[in-house]
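Asker: only geometry, no sequence info:
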């Protein structure tokens, strides 16, 4: 049942986020539903990136939008709705991580390139980058990528997701996670090296 | 063992290039340090390849995180949301 009391349903998807927020605050719940439809995949992606569990990520999606609805009057139009929603999503998911009985996270050592004593790469570096875009059509690469990301320790995986998926700045990530910028950079670099090594294993022999 | 750049005298080693790559790419290095890295990569194929694959990794990582709810999952969540909003 459509709860829209103001805008005709087929015009809601033409409104920008700010207008949908205003409509929601005037009582047009269909407008909030449009915000959900517009942003739910991205919220789900962030939730999966942090929680690594489909059912829990879906719960987090619902919790995020309910929280956003309750706090909607505090949303400031000067900043993008998406960024505001991301903050709620991240906090919701991190809170869930802290309070749930966690799957034991085996402290995996993130793989990094090997160097000789004199500082050179131990093995010749293969440039697989020209293959990368096309290789994404390869289902197995996609699965290996997902596995490589999911296997990262949480502290690296979350930073990688915020930087390379959400494209937040180092400062924004630092504020969101209550870290220093150098700490964010260290974690991000380690995460990227770990994923790079996994892709190199797969694509390196195909160049 | 890779010795791409060992035949020339370079002020930075590949290990340092690797550890500085994030700062180099986001423009936060002092200009003289960035110039030294660029000079090294000009002469060192391994480091030039490392940079290319490091950059490609950031794009791939982005795609690794991208997920979509199925239509069924979205519809179910939407219904739950409507119910919750009605009782809010």
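Answerer: Arrived safely, thanks for sending. Quick caveat: nothing in here was measured; it's all calculated off a predicted structure. Residues are numbered from 1 along each chain as shown, chains lettered A, B, ... in the order given.
Asker: residues touching whichever residue of chain B sits closest to chain A, list them.
Answerer: Closest approach between chain B and chain A, counting by Cβ to the nearest Cβ: residue B:13, at 2.8 Å. C-betas here are computed from N, CA, C, even on glycine. For residue B:13, the contact set (Cβ atoms under 8 Å, 6 or more residues apart in numbering or on different chains) comprises A:115, A:118, A:119, A:120.
Asker: ok, residue A:142 - contacts?
Answerer: A:136, B:63, B:64.
Asker: Are any of the contacts of residue B:13 buried, and if so which?
Answerer: A:115, A:119, A:120 (16 or more other Cβ atoms under 10 Å in any protein chain shown).
Asker: which ones are touching the spatially closest residue to the last one that is not a sequence neighbour?
Answerer: Once flanking residues are discounted, residue A:120 sits nearest to residue B:14: 5.0 Å by Cβ to Cβ, 6 or more residues apart in numbering or on different chains. Taking Cβ under 8 Å, 6+ apart as the contact definition, residue B:14 lies against A:115, A:119, A:120, A:121, B:2, B:5, B:40, B:44, B:46, B:47, B:50.
Asker: again, only using 7 Å
Answerer: Counting by Cβ atoms under 7 Å, 6 or more residues apart in numbering or on different chains, residue B:14 makes contact with A:115, A:119, A:120, A:121, B:5, B:44, B:46, B:47.
Asker: Over to residue A:128?
Answerer: A:199, A:200, A:203, A:204, A:207, B:53.
Asker: Can I have the buried ones of the residues you listed as a ChimeraX selection?
Answerer: The buried subset of the contacts of residue A:128, as determined by 16+ other Cβ under 10 Å, is captured in ChimeraX by this line:
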select /A:199,200,203,204 /B:53
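Asker: right, and the pair among the contacts of residue A:128 with maximum separation?
Answerer: The two members of those with the most space between them (Cβ to Cβ) are A:199 and A:207, at 11.8 Å.
Asker: what helix or strand does the residue nearest the centre of chain A sit in?
Answerer: By Cα atoms, centre = their mean, chain A has its centre lying nearest to residue A:46, at 3.3 Å. Per DSSP states H and E: residue A:46 is located in helix A:29-51.
Asker: what comes into contact with the helix or strand following that helix?
Answerer: Later in the chain than helix A:29-51, the nearest helix or strand by DSSP H and E is helix A:54-70. Here helix A:54-70 makes contact (Cβ under 7 Å, 6+ apart) with A:32, A:36, A:40, A:43-44, A:47-48, A:51, A:85, A:88-89, A:92-93, A:96, B:73, B:77, B:80-81, B:84-85, B:88.
Asker: Show the buried residues in those residues.
Answerer: A:32, A:36, A:40, A:43-44, A:47-48, A:51, A:85, A:88-89, A:92-93, A:96, B:73, B:77, B:80-81, B:85.
Asker: Poorly predicted segments of the chain, please.
Answerer: Assuming you mean chain A. Applying pLDDT under 70 to chain A flags the ranges A:1-6, A:9, A:101-108, A:205-207.
Asker: um, chain B though
Answerer: B:1-11.
Asker: let's go with 80 and repeat that
Answerer: B:1-11, B:88 (pLDDT under 80).
Asker: Relative to chain B, which of the contacts of residue B:13 is nearest.
Answerer: residue A:119 (2.8 Å).
Asker: my read: the closest one touches residue B:15, true?
Answerer: Yes - counting by Cβ atoms under 7 Å, residue B:15 is a contact partner of residue A:119 at 4.3 Å.
Asker: got the angle between the longest helix seen in chain B and helix A:29-51?
Answerer: Ranked by residue count, the top helix of chain B under DSSP state H comes out as helix B:45-65. Relative orientation of helix B:45-65 versus helix A:29-51 (axes from the mean of the first three to the mean of the last three Cα atoms, to 10 degrees): 130 degrees.
Asker: Show residues contacting helix B:45-65.
Answerer: Counting by Cβ under 7 Å, 6+ apart, A:45, A:49, A:121, A:124-129, A:132, A:136, A:145-146, A:149, A:160-161, A:164-165, A:192, A:195-196, A:199-200, B:2, B:4, B:14, B:17-18, B:21, B:25, B:40-41 sit against helix B:45-65.
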